[in-house]
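>>> below is the structure, and that's it, no one-letter string:
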């Protein structure tokens with residue numbers, strides 16, 4: 001047994017027992033280091049690389065635990081294809097195979113683990129050799145018998161005869177159930193803190209001496225819900241893909257009333273490592289200190305060969321599936337400026353939505369109402385890194401490209417809404433921008449805390465966004481400003497949109513579940529119907545019917561001009577200056593992005609050649 005931890009920080013008490021906790025989260029089925037969307041290896045990602053770090057970290061510690069904080073089953077063609085075609089029994093899920101090989105001790109479920117339905121989830125979890133826990137996620141026991149409220153694990157620590165009993169549970173904010181899972185009435189979430197409190201009491205009644213919560217929520221939600229208290233000793237977060245604490249500042253203080261928090265990024269790029277210093281007195285364990293270290297995979301790091309070999313059949317079948325052609329494009333399709341200008345990739349998806357809904361709309365009692373469509377960009381860099389952009393070159397469009405255009409298995413829905421709700425919807429979207437004072441230069445344009453998947457555009461409308469005004473909503477969709485707002489000159493086909501005007505909106509099931517600001521009942525959008533057709537299927541059908549794709553982005557939204565004002569934003573280093581939209585290159589950043597300047601004084605042109 002190894003008794004010394006290397007690079008031992010000063011806050012690890014030398015006479016205390018030591019327990020090492022390792023964490024992954026938000027793997028999104030990135031269990032191999034292969035980028036299926038771009039047909040190449042990732043630079044750092046993949047659980048197959050993290051597996052090498054896990055083996056090393058375990059070898060250095062006498063006692064250790066390995067956990068995952070959710071969203072492991074969905075998000076890569078390697079796994080997603082299994083949910084789209086019937087699978088023969090016994091079920092063989094590549095993510096569970098990988099996690100079994102690495103001997104995970106427990107995991108919790110994230111919202112995207114529910115995306116493909118309970119039958120798929122249960123079949124996958126039936127293969128797991130590790131417990132899956134959640135204190136507040138309610139699933140029918142007969143459908144998913146593998147889900148438990150908690151589990152109690154044991155570890156023998158050096159110098160102590162009695163084992164340490166570790167209670168492990170999980171939690172999931174109910175607001176995250178906005179995708180396909182939200183339409184299943186048998187799926188629900190209890191309020192997190194009461195559910196955690198009950199689970200913690202039950203675990204302690206059964207002898208748990210250390211409480212670990214696998215929380216599928218980010219640092220802001222962990223703080224807001226005060227999960228770090230209520231008798232919790234360790235919180236392992238997720239969902240937001242953030243890295244906490246930052247790798248350059250690995251020491252995490254342990255305030256008297258708070259538990260240490262660790263969030264290890266996403267997609268198998270980081271391994272979270274928490275070393276606890278524990279003492280035992282009067283038959284009670286006490287945490288004296290904690291040291292957190294974020295271990296990032298080196299560039300082009302080696303993979304675990306046993307894991308790669310075990311998944312080789314899945315890998316090869318996936319490559320064959322996603323290489324199937326579905327059409328052609330006569331222009332490059334990308335998301336480089338999707339958060340700063342009208343974007344052809346988004347408008348392609350918007351047209352696919354209205355096309356797929358047009359027949360049902362024409363045959364409904366709402367046929368006389370205008371049909372709109374809403375779509376947001378998913379691949380815009382951010383916490384997922386400088387390569388996380390949609391980039392499809394001129395030529396053949398293949399099945400792998402659908403994931404770049406739409407990244408989730410949502411279904412296409414129709415909503416009925418009025419002009420007031422429409423304006424609130426756009427106000428929420430426009431809150432992604434920071435306030436830019438008139439006459440200022442090179443302020444940061446985007447709020448990094450505001451997710452790009454909430455930046456909906458509605459290309460059939462015309463409107464201005466006034467970023468000289470403060471944002472109305474925060475990243476949690478809470479109203480923080482009751483001023484005049486940012487949306488102005490809102491019109492449809494040249495006519496102003498009134499509060500009473502009615503529209504039919506083609507939108508994803510994620511949006512239809514209410515990922516919008518809270519509105520009075522009379523103004524809340526109403527679900528007309530769910531087509532049951534996946535958004536990706538609608539896009540694929542549209543591409544097949546209209547190939548070769550050659551669209552120009554319609555002038556729709558624009559920034560309200562601010563004289564002598566500019567802002568800056570980050571994008572892919574593959575992007576180039578775009579004078580027609582007032583965008584010019586500034587520099588390449590050390591972390592792999594390109595920094596651009598955008599003039600807010602107005603555009604010379606409003607059309608973008610595109611897909």
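In hand now; what should we look at? Computed from a predicted structure; not experimentally measured. Numbers count the residues shown, from 1 in each chain.

>>> pull the number of nearby residues for residue 207.
When neighbours are counted by other C-beta atoms under 10 Å, residue 207 registers 10. The way it works is simple: take the backbone N, C-alpha and C, and place the C-beta from them, glycine included.

>>> does it really touch residue 152, like I thought?
Yes. With contact defined as C-beta atoms under 8 Å, residue 207 counts as touching residue 152 (6.8 Å).

>>> overlap of the contact sets of these two?
Jointly contacting residue 207 and residue 152 under the rule C-beta atoms under 8 Å, 6 or more residues apart in numbering are residue 165.

>>> which residue ranges form the helices in the stretch 1-150 of the chain?
47-60, 77-84, 94-101, 118-125 (DSSP state H, counting those that start in this stretch).

>>> enumerate the positions of the last one that are buried.
By neighbour count with 16 or more other C-beta atoms under 10 Å, helix 118-125 contains the buried residues 118, 120-125.

>>> other SSEs contacting it?
helix 94-101 (3 or more C-beta pairs under 8 Å, 6 or more residues apart in numbering; DSSP states H and E).

>>> so what's the residue count around the residue lying closest to residue 321 once chain neighbours are set aside?
For residue 321, ignoring the flanking residues on the chain, the nearest one in space by C-beta to C-beta, 6 or more residues apart in numbering is residue 81 at 5.4 Å. Residues contacting residue 81 under the criterion other C-beta under 10 Å number 17.

>>> which residues does residue 81 contact?
317-318, 321-322.

>>> please pick out the residue of this structure most distant from its centre.
residue 282 (44.3 Å; C-alpha atoms, centre = their mean).

>>> wait, residue 70 sits on residue 106?
No. Assessed by C-beta under 8 Å, residue 70 is found out of contact with residue 106, at 11.3 Å.

>>> neighbour count winner among those two?
residue 70 (30 against 23).

>>> for the closest residue to the more buried one other than its chain neighbours, list the residues it contacts.
Of all residues not flanking residue 70 in the chain, residue 110 sits nearest, at 2.9 Å (C-beta to C-beta, 6+ apart). Neighbouring residues of residue 110 by C-beta under 8 Å, 6+ apart: 26, 69-72, 172, 176, 216, 238-239.

>>> run the last query once more with 7 Å
By C-beta atoms under 7 Å, 6 or more residues apart in numbering, the contact set of residue 110 is 26, 70-71, 172, 216, 238-239.

>>> confidence score at it?
Looking at residue 110, its pLDDT is 96.

>>> for it, give its distance to residue 120.
Distance of residue 110 to residue 120, given as C-beta to C-beta, to the nearest Å: 15 Å.

>>> ok, now residue 277?
Taken as C-beta to C-beta, the span from residue 277 to residue 120 is 42 Å.

>>> next: residue 264.
For residue 264, the distance to residue 120 - C-beta to C-beta - is 26 Å.

>>> swap in residue 350?
If you go by C-beta to C-beta, the gap between residue 350 and residue 120 works out to 29 Å.

>>> cool, residue 57 as well?
32 Å.

>>> got it, and residue 332?
Taking C-beta to C-beta, one finds residue 332 at 35 Å from residue 120.

>>> over to residue 528?
27 Å.

>>> same question for residue 449.
With C-beta to C-beta as the criterion, residue 449 and residue 120 are 32 Å apart.

>>> dump the residue contacts of residue 497.
Contacts of residue 497 (C-beta under 7 Å, 6+ apart): 419, 422, 490-491.

>>> err, residue 262, not the other one
23, 236, 244, 272, 274, 292.

>>> check the secondary structure at the closest residue to it other than its chain neighbours for me.
Distances taken as C-beta to C-beta, 6+ apart put residue 272 closest to residue 262, at 4.5 Å, once the chain neighbours are dropped. Going by DSSP: H, G, I helix; E, B strand; the rest coil, the secondary structure assigned to residue 272 is strand.

>>> who does residue 272 bridge with?
residue 23, residue 294 (DSSP bridges).

>>> before we move on, what about residue 391?
Under the criterion used (DSSP bridges), residue 391 bridges to residue 334.

>>> so, low pLDDT: which residues of the stretch 101-250 of the chain?
178-183, 249-250 (pLDDT under 70).

>>> what about residue 310, how many residues nearby?
The burial count for residue 310: 17, using other C-beta under 10 Å.

>>> how about it: what's its closest non-neighbour residue?
In space, residue 310 is closest to residue 97, 5.7 Å off (C-beta to C-beta, 6+ apart).

>>> which pLDDT value does the model give the one you found?
97.

>>> isn't it right next to residue 308, touching?
No. Residue 97 is beyond contact range of residue 308, at 11.5 Å (criterion: C-beta atoms under 7 Å).

>>> counting neighbours, go ahead and name the busier of those two.
For residue 97 and residue 308, the more surrounded residue by other C-beta under 10 Å is residue 308, and the numbers stand at 19 against 16.

>>> outline the domain layout of this protein.
17-318, 325-609 (automatic domain parsing).

>>> on that earlier part again, out of the contacts of residue 110, which is most surrounded?
residue 238 (32 neighbours).

>>> and the residue nearest to residue 310, how far from residue 319?
18 Å.

>>> ok, back up a step: distance check, the residue nearest to residue 70 against residue 166.
21 Å.

>>> and for residue 405?
Residue 405 is 43 Å from residue 166, by C-beta to C-beta.

>>> then residue 567?
In terms of C-beta to C-beta, residue 567 sits 49 Å off from residue 166.

>>> which SS class is the closest residue to residue 524 other than its chain neighbours?
Excluding the flanking residues, the one nearest residue 524 by C-beta to C-beta, 6+ apart is residue 421, at 6.9 Å. At residue 421 the chain is in helix, as set by three-state DSSP.

>>> my guess is residue 421 contacts residue 525, does it?
Yes. If you go by C-beta under 7 Å, residue 421 and residue 525 touch, sitting 5.3 Å apart.

>>> give me the more crowded residue out of these two.
residue 421 (24 against 21).

>>> so who does that one touch?
Taking C-beta under 7 Å, 6+ apart as the definition, contacts of residue 421 comprise 519, 523-525.

>>> buried ones in stretch 293-300, by neighbour count?
So, applying 16+ other C-beta under 10 Å, buried residues of stretch 293-300: 293-297.
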